[in-house]
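A.B. asks: Sequence and computational prediction follow.
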Amino acid sequence: MSPHSGALPDEPDESAAASRPAANRPDALHSVALTVDLSSHELLRRAHVLAALASDWDPVAVLRGEEAAYELLYSGLSAEQQRVYDELVEAGVLPREGGGHVAA
């Protein structure tokens, strides 16, 4: 048969394929069990993060600063902006914190 004849090659003999072991069939899927333990990497990552933060890092002060920034971001809104803000809070898009008023 010519490669350009347009004819399809003969179908493989199914009985021959069935007699071959499954691992030797061209259509056989091979799976490999793969287990990766990242716990040592996670401990190393945490150690690097803590080393980068230094001893003067104060997580409570950082949290207070974030809360103050949130309060300031949504303070001084116009009536229309306040309405949209309230709708977003009610829809769950924005958290309830902040209230749209200037931080004390």
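C.D. replies: Ah, there it is. Numbering: from 1, shown residues only.

A.B. asks: Checking residue 61 next. Helix, strand or coil?
C.D. replies: Recorded secondary structure, residue 61: helix (DSSP: H, G, I helix; E, B strand; the rest coil).

A.B. asks: And it, how close does it get to residue 95?
C.D. replies: To residue 95, residue 61 is 21 Å away according to CB to CB, to the nearest Å. C-beta here means a position set from N, CA and C on the backbone, and glycine is covered the same way.

A.B. asks: what's the answer for residue 59, then?
C.D. replies: For residue 59, the distance to residue 95 equals 19 Å [CB to CB].

A.B. asks: Show me the strands in the chain, by range?
C.D. replies: Along the chain, counting by DSSP state E, no stretch forms strands.

A.B. asks: what residue ranges in it score low on pLDDT?
C.D. replies: Scanning the chain for pLDDT under 70 picks out 1-26, 97-104.

A.B. asks: run the last query once more with 80
C.D. replies: For the chain, the stretches with pLDDT under 80 are 1-30, 96-104.

A.B. asks: how close does residue 68 get to residue 55?
C.D. replies: 24 Å.

A.B. asks: What of residue 61?
C.D. replies: As defined by CB to CB, residue 61 lies at a distance of 14 Å from residue 55.

A.B. asks: same question, residue 77
C.D. replies: Counting by CB to CB, the gap from residue 77 to residue 55 is 40 Å.

A.B. asks: So between these two, which is more surrounded?
C.D. replies: residue 77 (15 against 6; other CB atoms under 10 Å).

A.B. asks: Please verify my assumption that the more buried one contacts residue 86.
C.D. replies: No. Here residue 77 does not reach residue 86: they are 9.5 Å apart, not a contact under CB atoms under 8 Å.

A.B. asks: Run through the helices of the chain in chain order.
C.D. replies: Assigned by DSSP state H, the helices in the chain fall at 14-19, 39-53, 59-73, 79-90.

A.B. asks: so which of those helices gets nearest residue 33?
C.D. replies: Closest approach to residue 33 among the helices of the chain is made by helix 39-53 (18.7 Å; CB to CB).

A.B. asks: same for the closest one, what does it pack against?
C.D. replies: Contact partners of helix 39-53 among helices and strands, from 3 or more CB pairs under 8 Å, 6 or more residues apart in numbering; DSSP states H and E: none.
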